[in-house]
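# Got a predicted structure here, sequence first:
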Amino acid sequence: MFCQILSVSMLFVNALAFMPAGPIQRSFGTSLNLKVGETAPDFKLEDQNGKFVSRSSIKKPLVVYFYPADSTPGCTAQSNAFNAQVKDIRKQYGADLVGISGQNAESKQKFAAELGLDFSILADEGDAVRKAFGVPKAGFGFFPGRVTYVLDKSGECVFVYDNLVDAESHVQKATEALAELKPAAKAGFALPKFELPKF
């Protein structure tokens with residue numbers, strides 16, 4: 001038994017050598033991933049409070065982060081990092097935030113209570129929304145992926161960040177994308193200042 005465990009461990013460690021050394025930042029999509037410029041699929045999922053949240057009902061920029069599972073070390077670190085920034089995301093960028101994983105609403109309620117989360121984490125039982133977004137699997141297809149999408153107020157994808165290992169980096173990448181989105185939104189319909197000549 002020990003030899004089998006050792007063999008599997010060695011196989012996994014050797015497989016890690018072929019994984020990218022740094023985070024994968026995508027401004028493009030693959031056949032498996034929602035692409036920048038595409039409209040995100042609509043969804044309606046239950047959160048930790050029993051409230052149903054739909055993407056199309058949110059009329060402001062939205063950070064949607066998919067994480068592998070509730071109450072795991074990486075997902076706990078990621079959710080805590082987002083929770084520390086959620087007030088700034090709302091106030092500074094006029095955006096909102098949701099987390100999505102495949103566990104049920106009861107699991108979400110427990111996880112949110114453990115961490116004191118101030119945003120919705122959504123139960124995607126059966127992974128229908130994960131599949132609709134085309135979130136790629138990680139770790140050679142063994143793990144659900146950890147991918148963050150930034151959507152503009154119309155639901156168009158403006159940024160994709162895929163990094164299973166560095167869970168906390170998703171917050172910084174999302175806020176950087178929101179910062180770029182904010183000036184573009186302001187610049188879109190700004191009227192020039194005009195003064196009448198004085199006589």
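Looks like it came in fine. Residues are numbered from 1 along each chain as shown.
# Report the separation between the nearest residue to residue 102 once chain neighbours are set aside and residue 173.
Using Cβ to Cβ, 6 or more residues apart in numbering and skipping the chain neighbours, the partner closest in space to residue 102 is residue 127 (4.9 Å). Yep, even glycine has a C-beta here, placed from its N, CA and C like the rest. As judged by Cβ to Cβ, to the nearest Å, residue 127 and residue 173 stand 23 Å apart.
# What of residue 134?
19 Å.
# repeat for residue 123
Distance, residue 123 to residue 173, by Cβ to Cβ: 25 Å.
# ok, back up a step: so which of residue 127 and residue 173 has more stuff around it?
Between residue 127 and residue 173, residue 173 has the larger neighbour count (other Cβ atoms under 10 Å), namely 19 against 15.
# what kind of secondary structure is the more buried one in?
Following DSSP: H, G, I helix; E, B strand; the rest coil, the label given to residue 173 is helix.
# That one touches residue 161, doesn't it?
Yes - Residue 173 is within contact range of residue 161, at 4.4 Å (criterion: Cβ atoms under 8 Å).
# who's in contact with the residue most central in space within the chain?
With distances taken as Cα atoms, centre = their mean, the residue of the chain nearest its centroid is residue 65 (1.6 Å). Shown in contact with residue 65 (Cβ atoms under 8 Å, 6 or more residues apart in numbering): 78, 82, 97-100, 146-149, 170, 174.
# Turn those residues into TSV, including pLDDT, distance to residue 47 and secondary structure.
Below are the contacts of residue 65 laid out as TSV (pLDDT from 0 to 100; distance: Cβ to Cβ, whole Å; DSSP: H, G, I helix; E, B strand; the rest coil):
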residue	pLDDT	distance to residue 47	secondary structure
78	96	17	helix
82	97	14	helix
97	97	12	strand
98	98	8	strand
99	97	9	strand
100	98	10	strand
146	95	19	coil
147	96	19	strand
148	97	18	strand
149	97	18	strand
170	96	19	helix
174	97	19	helix
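# leaving aside the residues next to it on the chain, what's closest to the residue nearest to the centre of the chain?
In space, residue 65 comes closest to residue 148 once its chain neighbours are excluded; the distance is 4.2 Å by Cβ to Cβ, 6+ apart.
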